[in-house]
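Engineer: sequence first, predicted model second:
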Protein chains: 2
Amino acid sequence: MKVAIMGYGTIGSGVAEVLEVNKDVIAKRVGEPLELKYVLDLRDFEGDPIADKIVHDYKTIVEDPEVDIVVETMGGVEPAYTFVKAMLEAGKNVATSNKALVADKGADLIATAKANNVNFMFEASVGGGIPIIRAIQECLTGDVVEEIAGIVNGTTNYMMTEMSEKGSDFDDVLKDAQAKGYAEKDPTADIEGHDACRKIAILTSLVAGRHVDYNDIPTEGISHITATDIKYAKAMGRAIKLLATSKEVGDTYVARVAPFLLEPSHPLYNVNGVFNAVFVHGNMLGDGMFYGSGAGKLPTASAVVGDVVRMAKHVNMNIKIEWHHDKLELADASQMENRFFVRTTSDKAAVEAAFGEVEYVDAGVSGELGFITSLMKECDYVAKSAGVDVLQMIRLK
Amino acid sequence: MKVAIMGYGTIGSGVAEVLEVNKDVIAKRVGEPLELKYVLDLRDFEGDPIADKIVHDYKTIVEDPEVDIVVETMGGVEPAYTFVKAMLEAGKNVATSNKALVADKGADLIATAKANNVNFMFEASVGGGIPIIRAIQECLTGDVVEEIAGIVNGTTNYMMTEMSEKGSDFDDVLKDAQAKGYAEKDPTADIEGHDACRKIAILTSLVAGRHVDYNDIPTEGISHITATDIKYAKAMGRAIKLLATSKEVGDTYVARVAPFLLEPSHPLYNVNGVFNAVFVHGNMLGDGMFYGSGAGKLPTASAVVGDVVRMAKHVNMNIKIEWHHDKLELADASQMENRFFVRTTSDKAAVEAAFGEVEYVDAGVSGELGFITSLMKECDYVAKSAGVDVLQMIRLK
């Protein structure tokens, strides 16, 4: 069986490496060898073992009936979408690691795959090596998934872990993460939560069976988190983690991406460094958690190859995925209840006038007060907080 | 599509409950409703909603061509094996939660299912609601699984957690676990590690693709662990957990079930109470961990129903499972290296004469010494330990 890779960057070259290093076990599992026939890239990679497989025109792959399986690891919506769509329409199975493509065009490409009796799979698009998509699609099928909470961005989790362990400031940790290659030169998509937002949109679409527009999800990143916030978190015995969350409300879901203060008993509390983890609560299963490398060349490539093997075992069979075009209207996030940790320059009288009884947090920081509100709706918090000067607000989980 | 349940105990009645409570989402995922037609049990369950579905002879199910899917939740090898085999031979798909059956007859029943173009699935047989079997079979297919370490017995994990948190003695914790229904009246299978042994035999068979005889796996339980051991564990900053382990060695695996002393940085360190978790290391994936309810009526039933839904979507297609009849000769566990924590009544001179340089652990216990050896083979530990009076030995992980 012949395979093509589109995009020979970090993940694409990882896929080639996994196919080569583990070729014997993969052949055993598939029932025949998988042979890499083409690598599509603008560059030539002279001297690389795959140099003779390089093609520059995606139509070479589209038009070759020998190719059954195509891997898309280019990133971004275009031209990935055009290429993937053409492959599916040509009767080829496609596996991708591209969350931007899946969040934007998932329902469309799933329908295209179905219409052409092939498969479009995207395990690597959320949580890298963590098989959370297969778990939702193929394992929790006897359950209604009532809640998802994920640490799905390794860059920001590394940064929050460093800030927590070393007491460093955000800017210093960002520079360190960039130096180590964990954060990109333009880190916006990670630190502002956009990446996590696309991932929870994908997971929510899968559990709801309908399309979630990631633009509808309220999203905060971690760029406003300071060393002082970490001091307060420690005083509370909690950890600050950027979570991508989704919760069943009536017949829909409510989603939010934001930093949360987690208790030590929460399964995600100990997920540190570049690791990712996704917590799920099913109405029958109860609590579950999936943990692993959420990014990196080989873990992500491992997930892509897992999809490739699965598709190789289902070449003439579309595996049903419930993710329809019709848009899911998310519930109003401002109606959701939380407890809120607040830092303020206002005095106790003003705090209590605004919020009533609160729980003060002493982190030894002078010139301000830190407190935790009672459980209230987000919109009520917004209204009440108008009565105090807020330096910072972080939700409790 | 019609379903039958064999064995209306805790798990079997849970399966009926999941099928009923979540019938709408299940019908959506399958594409048609799943209807419970028969419940096989010796008892009658008068007044129960399923009373009119009770049958006492498994042949009623075998001979009904309407039944496509059968759930086996009777437990034990016989008569479950006879019944399951007959169902598969009659062209019916079977899902089971029965680890004794799977550990003993897995290869046989997988081959029978294949020969009859149906499926035999057993997700619920290891780790209850944790989808570890599907992860190994369907996700880590681009990987060589190099290591598995699981907390796969909720009873013993609950007991170890209680001993650790309360400093209680083994016997008191066992009585408490029995009172709460977490331990059986005859707790041998759990506390002596037999249950965990069958589960790691199943997981190792799946990653190796060949049959592992659970009788070949060196197995210790937790009944020899004392409150004094817990004191030492705390002094080391470690936790004692009953682990079921398996590791690739050359072209085979080595397996062991025993209590281990885990460091706080290990992903399994924080798995407490009745929860289960399985750590896996793939040669491409790196570290992964799956966490959830390992037992209990609904989590286990959720996993069974996940298999039922999967089989309902593959009624005329055998999904290949690599687990052949030919026996895998496990590597010699006595050749594996560990560091060993030892408690002894011998003096330092004897300890150092036997083991050379060791790391002493001060837990404030008088009349004995606690120490950690350097890394050495198990057989070397056994030889050296002849030189001291050993009160206790626990391996470090």
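Structural biologist: In hand now; what should we look at?

Engineer: A:Arg310: what secondary structure?
Structural biologist: Classification of A:Arg310 by DSSP: H, G, I helix; E, B strand; the rest coil places it in helix.

Engineer: ok, now which ones touch it?
Structural biologist: Counting by CB atoms under 8 Å, 6 or more residues apart in numbering or on different chains, A:Arg310 touches A:Asn119, A:Met121, A:Ile319, B:Glu138, B:Thr141. C-beta coordinates here come from the backbone N, C-alpha and C atoms, glycine included.

Engineer: which of the residues you listed lies closest to B:Asp195?
Structural biologist: Distance to B:Asp195, by CB to CB, is smallest for B:Glu138 among the contacts of A:Arg310, at 24.8 Å.

Engineer: quick check, that closest one in a helix?
Structural biologist: Yes: the assignment for B:Glu138 is a helix, going by three-state DSSP.

Engineer: now it: how far from A:Met159?
Structural biologist: Taking CB to CB, to the nearest Å as the measure, B:Glu138 falls 33 Å from A:Met159.

Engineer: over to A:Thr252?
Structural biologist: 32 Å.

Engineer: could you do A:His56 as well?
Structural biologist: Relative to A:Met159, A:His56 is positioned 37 Å away (CB to CB).

Engineer: what about these two, which has more around it?
Structural biologist: Neighbours were tallied for A:His56 and for A:Met159 using other CB atoms under 10 Å in any protein chain shown; the higher tally belongs to A:Met159 (28 against 10).

Engineer: how about the closest residue in space to A:His314 that isn't next to it in sequence, what does it touch?
Structural biologist: In space, and not counting its chain neighbours, A:His314 is closest to A:Asn119: 6.3 Å by CB to CB, 6 or more residues apart in numbering or on different chains. Under the criterion of CB under 8 Å, 6+ apart, the contact list for A:Asn119 reads A:Asn93, A:Val94, A:Ala113, A:Arg310, A:Met311, A:His314, A:Asn318, A:Ile319.

Engineer: burial count for the closest residue to A:Glu32 other than its chain neighbours?
Structural biologist: Using CB to CB, 6+ apart and skipping residues adjacent in sequence, the residue nearest A:Glu32 is A:Met1, 5.9 Å away. The tally of other residues near A:Met1 (other CB under 10 Å) stands at 18.

Engineer: tell me who's in contact with A:Met1.
Structural biologist: A:Val30, A:Glu32, A:Pro33, A:Leu34, A:Glu35, A:Asp68, A:Ile69, A:Ala312, A:Val315 are the contacts of A:Met1 under CB under 8 Å, 6+ apart.

Engineer: now A:Val315
Structural biologist: Applying CB under 8 Å, 6+ apart, one finds that A:Val315 lies in contact with A:Met1, A:Asp68, A:Asn93.

Engineer: what about it, which helix or strand?
Structural biologist: Here A:Val315 sits in a region with no helix or strand, counting by DSSP states H and E.

Engineer: need the helices for the stretch 201-350 of chain A, in chain order.
Structural biologist: A:227-236, A:297-312, A:348-355 (DSSP state H, counting those that start in this stretch).

Engineer: mean pLDDT for those - can I get that in TSV?
Structural biologist: Shown next, in TSV, are those (pLDDT from 0 to 100):
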stretch	mean pLDDT
helix A:227-236	98
helix A:297-312	96
helix A:348-355	98
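
Engineer: pick the most deeply packed of the ones you listed.
Structural biologist: Across the helices of the stretch 201-350 of chain A, averaging neighbours per residue (mean count of other CB atoms under 10 Å in any protein chain shown) puts helix A:297-312 on top, at a mean of 28.

Engineer: with just CA atoms, put that one into PDB.
Structural biologist: The C-alpha coordinates for helix A:297-312 follow below in PDB (Å, rounded to 0.1, in the frame of the first residue of the first chain):
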ATOM      1  CA  LYS A 297       7.800  15.500  16.300                       C
ATOM      2  CA  LEU A 298       7.500  11.800  17.100                       C
ATOM      3  CA  PRO A 299       4.500  11.700  19.500                       C
ATOM      4  CA  THR A 300       2.400  13.700  17.000                       C
ATOM      5  CA  ALA A 301       3.700  11.500  14.100                       C
ATOM      6  CA  SER A 302       2.900   8.400  16.200                       C
ATOM      7  CA  ALA A 303      -0.700   9.600  16.300                       C
ATOM      8  CA  VAL A 304      -0.800  10.300  12.600                       C
ATOM      9  CA  VAL A 305       0.600   6.800  11.800                       C
ATOM     10  CA  GLY A 306      -2.000   5.300  14.100                       C
ATOM     11  CA  ASP A 307      -4.600   6.900  11.800                       C
ATOM     12  CA  VAL A 308      -2.700   5.700   8.700                       C
ATOM     13  CA  VAL A 309      -2.700   2.100  10.000                       C
ATOM     14  CA  ARG A 310      -6.400   2.300  10.900                       C
ATOM     15  CA  MET A 311      -7.200   3.600   7.400                       C
ATOM     16  CA  ALA A 312      -5.100   0.900   5.800                       C
END
